[in-house]
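Novice: generate coordinates for the sequence data below:
(chains A and B)
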There are 2 protein chains.
Amino acid sequence: MTTVEVRLHDHSYPIHIGAGLLGEPQLLSPHVGAGGALIVTNETVAPLYLEQLRAALTPSTRTQTVVLPDGEAHKSMATLECIFDALIEHRFSRDVTVIALGGGVVGDMAGFAAAIYQRGVRFVQIPTTLLALVDSSVGGKTAVNHANGKNMIGAFHQPTCVIADTGTLKTLSDRELSCGLSETIKYGLIRDAAFFEWLYENLDALLKREDAALVEAIRRACLNKAEVVAADEREHGERALLNFGHTFGHAIETGLGHGEWKHGEAVAAGMCVAADLSVRMGRLRQDRLPRILDIVTRAKLPTRLPRALTQERMLDLMAIDKKVLAGQVRLILLDEIGEGFITADFPQDALHTTLDVCRDVA
Amino acid sequence: MTTVEVRLHDHSYPIHIGAGLLGEPQLLSPHVGAGGALIVTNETVAPLYLEQLRAALTPSTRTQTVVLPDGEAHKSMATLECIFDALIEHRFSRDVTVIALGGGVVGDMAGFAAAIYQRGVRFVQIPTTLLALVDSSVGGKTAVNHANGKNMIGAFHQPTCVIADTGTLKTLSDRELSCGLSETIKYGLIRDAAFFEWLYENLDALLKREDAALVEAIRRACLNKAEVVAADEREHGERALLNFGHTFGHAIETGLGHGEWKHGEAVAAGMCVAADLSVRMGRLRQDRLPRILDIVTRAKLPTRLPRALTQERMLDLMAIDKKVLAGQVRLILLDEIGEGFITADFPQDALHTTLDVCRDVA
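Specialist: Down below sits the predicted model:
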């Protein structure tokens, strides 16, 4: 087992990474008190891992479970109410621990519910997808979607512990695995060239789900994210780098309707679009682009915008994205592999050309 | 104009108190930026003060307004969605300022919306009831009700500025004024004997809405609350004293159905019940009780539990209150006028007797 310690302003917590951790009671027990636990999971994950998790909780712990429908389409205020109904029906009070067992959607919703139930209760995260492991297990961002925008309603709420069991990745679909690789590659691109090279060399081992490679990839991704978040907990500066590929990605997800493309797929295409714009602006060397497109393609991820989203539609969708400040779209671009930067100052014609050129023709 | 500065861990803000402040642009302008403002008010307050507030905003400020239905019954997730719909429809981003113009319900909902819109935006409070002025303008507590419990869903979110215009109290109903006096008297009872004596002497001036008396009462109430909150921002210790009368009060409100009794009325009866229990337990001198019942009666507030709520019903309602920790009800009681304390250790039979004795017979 490897542990990454996330150090924040007034709170630190461990991410335990390894195979088979889900069944180890001693990792969980320090974080569940007399107030009991509400497990939040979904209908896909529950049959696979719920019993194992319940067995790891001490028998005297009062435990209830909420099984949500699966999918980004259910990341809504309406689904959130199911969690509150369960918390209140079973009379859980301020000393309850909410445990998220599932991917990013379950983590975002359980975390947001924990953030606002009685103005904040304890939260433990057990991510079961690679995407959730490398992305949402660090940073404390929680949210639900609004019909007209992704993650529009949310809060910052840090977990007290994250348990990353690579065993749960064995049941993941290939498509979900690729989505996790998308955010993993992102860390290499924005701030860690050595990690990008490691990923470039070890991508096949990751696609074969070799435990050692998975643990190392998760460890380095979490370390990168933990460094960024520790420096900028409330996303005023450097943390915005983590949105690399996301302004374009969110536009794709909203434009196609949530659930059509997966988040990691939209981000992958978004990163390629951002790299293209970076080259077009003379910031990124042209020969870097094929290397980026290559690793994204080998990870079985899209490199181009969906055909359905024209330049005009993309611009409109981007304008509503929550990274808009005072009417200005801010983008994360690259100076080099491993060196991202934030800017609101980019030539509109370059953006227009990029949106045209990167759109899928098939 | 008097200003009370609320000093918190990593954030301070002013409460400006005086007659006619609503129309003074220089108080508001430092807190509204290029992102514009969303005014949240209700159908009762809007016709009285909305135009005055809009006029005080600089003409270049992008301003939109949401007018909510009036009343505690609308303090729900469903009404909250109206605020999000307006924020998103008008494409307000992270640099928007949400301005609450109204009583406690408007403040709680606008504040909660500001806390979770895009994970937190700026918030200015302009309370128009005495209750909101002395209670919710300090402390950063925001929330909505759940069908089965009051303030179950919420967040801590501090305003950047509070503007307390005593002019707005001239249009308040007598009943609303009394509700504000209820929470004002509370500060005297739990921690400020001198303020209790001042209130006892000046109650008639307050009932006549004399400006000087109102400003002084608001100033001393806010100072008391600011001291408590600064010492205990997240309600782990002393801040729980502010819940004096509230465990009983919330049970009354939930038991009768929200809106039947007003919050301040329920708290007034709750304080008298708590004082009765304090005497019964030998903690408060018996001769203090008439003095407490006297000021509450003169303030035109109830001193007894509603007849509809039997001992059994009250106990059941109190068990679900959010102050319940690991199944234990904690109560705030008095050792003396001006000296409250928190305890989970009280004789059940004394509580049962108090609930019977304090129930209204009429």
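Novice: relative to chain B, how far out is residue A:61?
Specialist: Per CB to the nearest CB, to the nearest Å, residue A:61 is found 12 Å from chain B. No exception for glycine: its C-beta is placed from N, CA and C like everyone else's.
Novice: what residues does chain A put near chain B?
Specialist: Residues of chain A found near chain B (CB under 8 Å from any CB of the partner chain) are A:33-35, A:77, A:81, A:84, A:88-89, A:91, A:93-95, A:115-120, A:141, A:143, A:146, A:148-149, A:152-156, A:234-235, A:319-320, A:322, A:324-327.
Novice: mind doing that once more with 7 Å?
Specialist: Within chain A, the residues that sit near chain B (CB under 7 Å from any CB of the partner chain) are A:34-35, A:77, A:81, A:84, A:88, A:91, A:93-95, A:116-119, A:141, A:143, A:146, A:148-149, A:152-156, A:320, A:322, A:324-326.
Novice: and the buried ones among the residues you listed, selectable in PyMOL?
Specialist: Here is the PyMOL command that selects the buried residues among those (16 or more other CB atoms under 10 Å in any protein chain shown):
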select buried, chain A and resi 35+77+81+84+88+93+94+95+116+117+118+119+141+143+146+149+152+153+154+155+156+320+322+324
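Novice: burial count for the spatially closest residue to residue A:92 that is not a sequence neighbour?
Specialist: Using CB to CB, 6 or more residues apart in numbering or on different chains and skipping the chain neighbours, the partner closest in space to residue A:92 is residue A:38 (6.0 Å). For residue A:38, the neighbour count with other CB atoms under 10 Å in any protein chain shown is 25.
Novice: please apply the same query to residue A:25.
Specialist: 12.
Novice: also residue A:103?
Specialist: Residue A:103: 30 neighbours (other CB under 10 Å).
Novice: could I get the full set of helices for chain A?
Specialist: A:25-28, A:51-56, A:77-89, A:104-116, A:130-131, A:174-191, A:193-207, A:211-231, A:246-256, A:263-280, A:288-298, A:311-319, A:348-357 (DSSP state H).
Novice: quick one: residues contacting the spatially most central residue of chain A.
Specialist: The residue lying closest to the centre of chain A (CA atoms, centre = their mean) is residue A:135, at 3.5 Å. Going by CB atoms under 7 Å, 6 or more residues apart in numbering or on different chains, residue A:135 touches A:104, A:183.
Novice: sorry, back to before: so which of the helices of chain A is nearest residue B:220?
Specialist: Proximity to residue B:220 (CB to CB) singles out helix A:104-116 among those, at 32.2 Å.
Novice: so residue A:152 makes contact with residue B:88?
Specialist: Yes. Residue A:152 lies in contact with residue B:88 (CB atoms under 7 Å); the separation is 6.2 Å.
Novice: give me the common contacts of those two.
Specialist: Counting by CB under 7 Å, 6+ apart, the residues touching both residue A:152 and residue B:88 are residue A:146.
Novice: list the contacts of residue A:146.
Specialist: Residues near residue A:146 by CB under 7 Å, 6+ apart: A:152, A:153, B:84, B:88.
Novice: quick check: chain neighbours aside, which residue is closest to the last one?
Specialist: It refers to residue B:88. Using CB to CB, 6+ apart, the nearest residue to residue B:88 is residue A:148, at 5.0 Å.
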